[in-house]
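A.B. asks: Sharing a model prediction with you, sequence too.
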Amino acid sequence: MVGALVVSGAATGSIVGGYVYRGNAVLGAVGHYFYSDYCGGWLRSFHHEHGAALDRREWRVRVPASVLSFREDASGELYLLSASGTIYRLTPAR
């Protein structure tokens, strides 16, 4: 068994793990593993290198509560699925 890379603190639901971002739309996110909290309404990421979680970030985006899952498309772009059935795509800030 491998120990935790990140301890999230006070989770309000359950941690929903995602994918390592490999897309082209958000260059500053390439190589980051994204995750959320089912009830928390936040999106966080980190870069995994040499067994450590580096460059930990909390993304200032509106994330719906009840994130159920993450998915990626053939281009490596990242999507979040909420319990309402809405699908959100990670895009650069406007």
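C.D. replies: Sure thing, it's come through. Numbering: from 1, shown residues only.
A.B. asks: Tell me the bridge partners for Ser69.
C.D. replies: Note on Ser69: beta-bridge partners by DSSP bridges are Leu81.
A.B. asks: Pull up the gap between it and Asn24, please.
C.D. replies: 22 Å (Cβ to Cβ, to the nearest Å). All C-beta spots, glycine's among them, are computed from the backbone N, C-alpha and C.
A.B. asks: of the two, who's got more company?
C.D. replies: Counted by other Cβ atoms under 10 Å, Ser69 and Asn24 do not tie: Ser69 has more neighbours, with 14 against 10.
A.B. asks: any idea how far the residue nearest to Tyr38 when sequence neighbours are not counted is from Asp37?
C.D. replies: Leaving aside its sequence neighbours, Tyr38 sits nearest to Gly13 (Cβ to Cβ, 6 or more residues apart in numbering; 3.2 Å). Per Cβ to Cβ, Gly13 is found 5 Å from Asp37.
A.B. asks: Settle it for me: which of these two has more neighbours?
C.D. replies: For Gly13 versus Asp37, neighbours defined as other Cβ under 10 Å are more numerous around Asp37 (22 against 14).
A.B. asks: was I right about that one contacting Val67?
C.D. replies: Yes: using Cβ atoms under 8 Å, Asp37 is in contact with Val67, at 7.5 Å.
A.B. asks: Now for those two: what residues contact both?
C.D. replies: Common neighbours of Asp37 and Val67, using Cβ atoms under 8 Å, 6 or more residues apart in numbering, are Val16.
A.B. asks: can you pull the pLDDT of Leu80?
C.D. replies: Looking at Leu80, its pLDDT is 92.
A.B. asks: quick one: the closest residue in space to it that isn't next to it in sequence from Gly23, how far?
C.D. replies: Once flanking residues are discounted, Leu80 sits nearest to Tyr88: 4.5 Å by Cβ to Cβ, 6+ apart. From Tyr88 across to Gly23, the span is 14 Å (Cβ to Cβ).
A.B. asks: Could you do Arg44 as well?
C.D. replies: 17 Å.
A.B. asks: can you check Gly76 too?
C.D. replies: Gly76 is 4 Å from Gly23, by Cβ to Cβ.
A.B. asks: Name the residue in the two with the higher neighbour count.
C.D. replies: Gly23 (18 against 14).
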